[in-house]
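[1] Build me a model:
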Amino acid sequence: MVEAPLSIPESRPLRVVGDVHGDVSAFAYATDTDRFLIQLGDLVDYGPDSAGVLRRMFDLIDQGRGLFLLGNHDLKLARFLLGQKVRSNAELIATRKQMDDALRERFLAEVARAPLWLQDGPRLFIHAGFHTDMLLGPSPQMEIGRAVGVNARALFGEPTGMTQMDGFPERSLRWVHRIPPGVTVYVGHDRRSQDGRPLEQWSRAGGRAIFLDTGAGKGGHLSWIDLPPLESDMRVPASFR
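    Residues are numbered from 1 along each chain as shown. Have a look, this model is predicted:
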């Protein structure tokens with residue numbers, strides 16, 4: 001039985017953490033806080049200790065101190081563990097070798113209930129890319145499998161239809177300009193910053209996106225942003241105010 005998805009508690013200051021990718025030392029530093037932690041997905045692969053990152057994240061969940069959004073690497077690992085057809089690589093295999101049976105079962109359970117996006121008043125938290133449908137209601141619970149539609153946007157962003165030199169799909173940021181005024185989207189997935197700090201981009205409509213992936217586990221470092229708690233009248237979803 002899949003447990004109910006996790007949610008953001010009211011009246012708590014937040015810490016929003018970008019892609020971790022197995023960088024357990026940096027993640028330990030980021031989680032040393034009294035704030036409620038929202039991790040934007042991609043806990044695993046590339047870095048030295050994905051298993052250690054998962055254990056620390058699950059401890060936060062058990063203590064009611066944090067949650068993670070589903071990232072494409074997290075979903076890919078879950079599909080791999082279940083024997084589904086995915087594009088394998090050395091990082092994925094290395095992550096699997098770090099996991100014992102208990103961690104594997106806990107990971108699959110948490111992936112099954114991890115939200116694809118979360119809205120907190122005018123704030124929207126997503127792993128990869130925004131879609132206007134995300135303002136219409138909470139993230140659905142998704143069966144572990146191939147993502148389509150708005151779920152694919154949340155996990156992979158918006159593809160251009162072109163392929164990069166590394167063989168992976170090229171992704172567009174056209175979705176940034178669909179963010180409505182007053183809404184801020186916090187996102188990971190793509191390392192867009194050129195100076196090692198979270199990158200802020202404004203939409204033509206007056207919304208904004210903040211990119212928090214700064215290369216943890218891939219030769220960069222882990223970034224996060226601390227946010228104050230919302231006033232009660234600001235917790236109404238932006239699409240209904």
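[2] Just list the residues touching His73, thanks.
    Neighbour list for His73: 21, 41-45 [criterion: CB atoms under 8 Å, 6 or more residues apart in numbering]. Quick note: C-beta positions are derived from backbone N, CA and C, even for glycine.
[3] Report pLDDT for it.
    Looking at His73, its pLDDT reads 96.
[4] Please identify the helix or strand for it.
    In this assignment (DSSP states H and E), His73 forms part of helix 72-81.
[5] Please tell me I have it right and Arg178 contacts Ala209.
    No - the criterion here is CB atoms under 8 Å, and Arg178 misses it with Ala209 at 10.2 Å.
[6] These two: who's more crowded?
    Shown here are Arg178 and Ala209; by other CB atoms under 10 Å, Ala209 has more neighbours (24 against 17).
[7] quick one: secondary structure of the more buried one?
    Of the three states, Ala209 takes strand according to DSSP: H, G, I helix; E, B strand; the rest coil.
[8] where does it sit relative to Gly22, distance-wise?
    25 Å (CB to CB, to the nearest Å).
[9] Next: Gly220.
    With CB to CB as the criterion, Gly220 and Gly22 are 13 Å apart.
[10] who has more neighbours, those two?
    A direct count of neighbours by other CB under 10 Å for Gly220 and Gly22 places Gly22 higher, at 28 against 18.
[11] Return the residues in contact with the more buried one.
    By CB under 8 Å, 6+ apart, the contact set of Gly22 is 43-50, 52-53, 95, 217.
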